[in-house]
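Participant: Need coordinates for the below:
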Amino acid sequence: MTGRAREHRATEPHLEHGPEDLCAAATVLYTQALREGRVRALEATATPCLTAYGLLQPSVGEPDWLEPVAPAVALHRMLDVSAQRVAEERRREARLSATFEPLMQVDGRRTAGADAGAVRVLSGIPQINQAISDVMEDATSELLCIQPNSHYADRRGQLSQNLSLRRDQDMLDRGARIRTLYQHTQRHLPIVRARYEQLRGDAEARSLDEVTDRLIIVDRRVAFIPAGGEATLALEVRHPALITYFVTTFERLWRLATPMHPEAAQRPSLNGITPRQHTIASLLVEGHTDADIADRLGMNVRTARVHIAKLAATLGSESRAQLGYLIAESGILRQGDVGQ
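Facilitator: Residues are numbered from 1 along each chain as shown. From the prediction side, this is the model:
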């Protein structure tokens with residue numbers, strides 16, 4: 001492998017996968033290790049799956065090198081782990097049956113109706129991700145998403161992004177359509193731009209200054225929404241009336257949003273006032289603080305203050321109180337409503 005090929009492989013993001021879906025880069029490096037007897041540990045940094053699944057192991061006495069584990073040995077280990085999981089699931093099924101069998105004999109006329117199963121509480125990131133993945137595996141039609149401003153810099157955010165990318169591409173490969181709404185502040189994030197450079201298929205994206213909390217709707221039959229301020233609780237919703245409500249909300253926001261993929265559109269300015277400044281002007285008139293405005297528009301306070309200063313300069317304001325008066329007198333809010 002040439003130095004340039006190694007450099008290219010190292011820069012590619014490693015998507016999470018199971019040992020049954022070994023990625024192409026890992027397959028190439030593992031094959032090389034089997035033929036040559038070892039590879040440098042540095043070469044395997046871009047394919048952590050090889051060490052995670054026990055296909056490469058440190059060379060005794062030579063920490064800079066990795067040796068391949070024989071495929072038959074690695075396969076036997078993985079099958080043994082899989083068999084243990086199956087056996088544990090069967091034992092769990094037996095315990096559940098034993099627990100619920102006497103309960104099912106109790107008169108249940110006072111229990112909740114069949115609609116009780118239309119909403120399920122999901123606790124913990126792994127359970128939430130698994131529930132979304134299970135629903136999307138059977139999806140063939142459409143995925144609707146609202147993605148509010150998020151912080152992707154940490155490792156957990158990157159891993160979630162990689163998992164989401166793989167799920168979305170699998171769905172696109174089945175001929176489905178994906179539409180996603182972002183906040184305007186995410187339009188130029190490298191990780192968002194890279195996402196649409198990698199996706200292949202009928203994927204569209206638009207953006208708004210303000211969007212709702214996160215929403216995922218799969219084939220217009222199952223939805224996922226947050227169940228609190230923390231990202232570790234979510235609701236899986238299957239009630240038809242609620243699904244219809246979510247879809248209607250999404251479609252209305254979609255019509256108001258500005259296209260960003262596959263063709264980005266520029267939002268027009270009105271009398272020197274940019275669309276972002278127009279939104280900030282409306283929030284200022286409502287009495288929101290700089291911190292409130294920054295939080296609602298997905299930006300830091302310093303950036304919000306820069307926009308407010310530019311708005312004040314455009315309107316000739318010399319104070320915060322005067323700025324509110326000038327916004328009301330200028331008519332820019334009415335003009336913005338007409339423009340929309």
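Participant: Could you check the helix or strand hosting residue 146 and say which residues are buried?
Facilitator: Here residue 146, judged by DSSP states H and E, is contained in strand 142-147. Within strand 142-147, the residues scored as buried using 16 or more other C-beta atoms under 10 Å are 142, 143, 144, 145, 146, 147. Glycine gets a C-beta too; all of them are placed from N, C-alpha and C.
Participant: do stretch 58-73 as well
Facilitator: Buried, per 16+ other C-beta under 10 Å, within stretch 58-73: 59, 65, 66, 68, 69.
Participant: residue ranges with poor pLDDT in this structure?
Facilitator: 1-13, 107-117, 150-160, 264-272, 331-340 (pLDDT under 70).
Participant: Now with 50, please.
Facilitator: Within the chain, the stretches with pLDDT under 50 are 2-5, 7-10, 151-155, 336-340.
Participant: returning to that earlier point: can you tell me which two in the buried residues of stretch 58-73 are farthest apart?
Facilitator: Comparing every pair within those by C-beta to C-beta identifies 65 and 69 as the most remote, at 13.9 Å.
Participant: all strands for this protein, in order.
Facilitator: 39-40, 56-59, 62-68, 119-123, 142-147, 177-183, 202-208, 215-218, 222-226, 233-237, 258-261 (DSSP state E).
Participant: Out of these, which one sits most buried?
Facilitator: Stretch with highest mean neighbour count among these: strand 215-218 (a mean of 22; mean count of other C-beta atoms under 10 Å).
Participant: How about the contacts made by residue 19?
Facilitator: Counting by C-beta atoms under 8 Å, 6 or more residues apart in numbering, residue 19 touches 49, 53, 78.
Participant: still on that earlier bit, now the strand holding residue 146: how far from the chain's centre is it?
Facilitator: The chain centre lies 10 Å from the centre of strand 142-147; the measure is C-alpha atoms, centre = their mean, to the nearest Å.
Participant: Can I get that strand in PDB, CA atoms only?
Facilitator: C-alpha atoms of strand 142-147 as PDB (Å, rounded to 0.1, in the frame of the first residue of the first chain):
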ATOM      1  CA  GLU A 142     -40.000   8.000   3.800                       C
ATOM      2  CA  LEU A 143     -38.000   9.400   6.700                       C
ATOM      3  CA  LEU A 144     -38.800  12.800   8.000                       C
ATOM      4  CA  CYS A 145     -36.300  14.400  10.500                       C
ATOM      5  CA  ILE A 146     -36.000  17.700  12.500                       C
ATOM      6  CA  GLN A 147     -32.500  18.200  13.800                       C
END
